[in-house]
Structure formats: C-alpha cells, structure tokens
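Engineer: Attaching a predicted model along with its sequence, questions to come.
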Amino acid sequence: MADYVIRATAAQGQIRAFAATTRDLVEEARKAHNTSPVATAALGRLLTAGAMMGYDMKGEKDLLTIKIQGDGPIGGLTVTADSHGNVKGYAFNPSVMLPPNEKGKLDVGGALGVGVLSVIRDIGLKEPYVGQTILVTGEIAEDLTYYYATSEQTPSSVALGVLMNKDNTVRQAGGFILQLMPGASDEVVGGLERKLQEVTSVTALMDVGNTPETILQYILGDFGLEINDRNPARFFCNCSKSRVARALISLGKKELDGMIRDGEPVEVNCDFCGRSYTFDVEELQGLLEQAVRR
C-alpha cells in the first residue's frame, strides 16, 4: 500500500482530521540515514507529522519545517514538508542506541530528552511564521498536541507511531491529527474525548489491517465522518549537484580558493537524504570563476 494522507471533517465541521500511512517513506528515511531503531522511530514519527501538517498549508510553494532540539543522546530532529506530500528529514545522531523504556517500547522520549519544539511555516512573506514550545514528553505526538494548544490555540489530539520488524526494518508507520474547531459543542468535545480513550496505539490498529480511512471511521464514525480527499506522501529530497554548487559559490572566493589550494576533491553530503556530491579541483576552479564574476 503506497503512503498517503487523508483529510476529513466530522460533526458538521466541528472536527477536522488528518490521517496517514507512512511505512514506505519512513523505511526510505531509515535506509538513507542508516538510523538505529530508536532514531527510526523518532524520525519516522516526525516525518509522519510533517506529511500531514504539510497538507494543511495553502500555497503551492509553502514550506513547513519542524525542528526538535533536545539534550538527549539523539541531539535533535529536523523535518521539512511541502503542500504536495513531499517530506524529508534527519536525526542529528542517527546511530543512537538506548534500552527500551519502562513500557518495553523504543525510548524516543529518552533519546530526545528536555528541549524545544519549533514549527516554522514559510508562506512567502518577508519573515516565516515561527511557533515554539517546550518538549512535554519528548514522545513527539504529545509535544505536537501541546504545541497546537499553546501556540495555535487549537485543541488537538495527535497520534504518531512507528512499529519495527525484528530485522529493524519498518513494519508499520502512520498517525492522525484531530482538531476541534472554534465553537465545537460540549457534546462533541465530550464524545470525542471518550472515543479517544479507546485508542491505545495507532500502529497496533494498522498492524491488524486498518487504513487511515478505517481508523478515522472507528474514531469519528458516530460524528458523521466525511472524507474530503486522499493525497500521496513520499520521502523526497530536491537536492542536486547544481544546488550544492550554488551553495559552494555562496561561500565566497576565499573559501573556494582554499579548497582549490588543498588540491583534493571536495565531497558534500546532504543532511536530508544522505546523498554525496563530489567536486574535483577543476570543477572548484569553475565555481571560483563564477564567484569572482558575482
């Protein structure tokens, strides 16, 4: 089943919802960065959130960046997404290893520790919108729930999960975001809270064959669920050698001249996808000439 995100409403517009299945894109990220199981779980959760939140942006060229910086051994995470379902990201320390937490689960909260969650929306204005909150648990879903409540004043329930196979490949990944709209009735609020108490694990639901549609039907079926659209999601990085070349040119003449004097090829790695780009001395000379002409 290819990855996708659905958008829906319920209770005559009093609730809006996103749900996603993201196993393939999380596995692609795992392979690109050779992440440990706990790093795969942490990055996979944030990639899933990014895929859903990206579809909440309106503009064709809008970009969303979610950053988590913590004092735990993973250091942090960065994910970017656009409004077309393209998402990419990386863990600062992708090889971090930790024992399971007290529930026997991958210890994402312990890997991230105490820190800050930042959500940056670049919608083409002079300055991007930046919202920032503390990490409440480091488990990411709870932290995004807190972010929505405090930074955007939108009561929300966020669920994210990554389930691993014994060979450390990704077995299931996905999640949902449910949000109460302004003016939601007490009856709707109470009913939704009671229903959410029945949901234990989004990946457990997926592992027995549930889809984003059936998960939302299970939670919101009694509220008159209306699925609005279904859109693809994928791990995609738009890096290229020409983009890296422009970045090298922007370093300036002094930096490029130093690289050329070293007499060795320069290798540049993309943080987001792990691809490497090599520039030999002749290519560096060409970049220097472009920098001089600027």
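Structural biologist: Looks like it came in fine. Residues are numbered from 1 along each chain as shown.
Engineer: Just the CA coordinates for the helix or strand where residue 66 lies, please, in PDB.
Structural biologist: Element membership of residue 66, judged by DSSP states H and E, is strand 63-70. Output in PDB follows, covering the C-alpha atoms of strand 63-70 (Å, rounded to 0.1, in the frame of the first residue of the first chain):
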ATOM      1  CA  LEU A  63       7.200  25.100   3.200                       C
ATOM      2  CA  LEU A  64       6.900  23.700   6.700                       C
ATOM      3  CA  THR A  65       9.900  22.900   8.900                       C
ATOM      4  CA  ILE A  66       9.600  21.100  12.200                       C
ATOM      5  CA  LYS A  67      12.700  21.100  14.500                       C
ATOM      6  CA  ILE A  68      13.200  19.400  17.800                       C
ATOM      7  CA  GLN A  69      16.300  20.200  19.800                       C
ATOM      8  CA  GLY A  70      16.900  18.300  23.000                       C
END
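Engineer: Run the chain-centre distance for it.
Structural biologist: 8 Å (C-alpha atoms, centre = their mean, to the nearest Å).
Engineer: and the helix or strand following it, which strands flank it?
Structural biologist: As assigned by DSSP H and E, the chain's next helix or strand after strand 63-70 is strand 76-82. Using DSSP bridges, strand 76-82 pairs in its sheet with strand 63-70 (antiparallel), strand 86-91 (antiparallel).
Engineer: Can you list the buried residues in strand 76-82?
Structural biologist: 76, 77, 78, 79, 80, 81, 82 (16 or more other C-beta atoms under 10 Å). Any C-beta I mention is one placed from the backbone N, CA and C, and that applies to glycine too.
Engineer: quick one: average confidence on the strand holding residue 66?
Structural biologist: In this model, strand 63-70 has an average pLDDT of 96.
Engineer: ok, back up a step: closest one of the buried residues of strand 76-82 to residue 259?
Structural biologist: Distance to residue 259, by C-beta to C-beta, is smallest for residue 78 among the buried residues of strand 76-82, at 26.1 Å.
Engineer: does residue 254 count as helix, strand or coil?
Structural biologist: Here residue 254 is recorded as helix under DSSP: H, G, I helix; E, B strand; the rest coil.
Engineer: next helix or strand past the lengthiest strand in the chain?
Structural biologist: Counting residues, the longest strand found in the chain (DSSP state E) is strand 170-180. The helix or strand immediately downstream of strand 170-180 is helix 186-196, counting by DSSP H and E.
Engineer: Mind listing what's buried along stretch 31-46?
Structural biologist: 32-33, 35-46.
Engineer: my bad, stretch 251-267
Structural biologist: 256, 259, 260, 266.
Engineer: Please apply the same query to stretch 231-244.
Structural biologist: Neighbour counts over stretch 231-244 (16+ other C-beta under 10 Å) mark 231, 233, 234, 235, 236, 237, 239, 244 as buried.
Engineer: could those residues be laid out in CSV, adding distance to residue 87 and secondary structure?
Structural biologist: Listed next are these as CSV, based on distance: C-beta to C-beta, whole Å; DSSP: H, G, I helix; E, B strand; the rest coil:
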residue, distance to residue 87, secondary structure
231, 12, strand
233, 7, coil
234, 7, strand
235, 6, strand
236, 7, coil
237, 10, coil
239, 14, coil
244, 21, helix
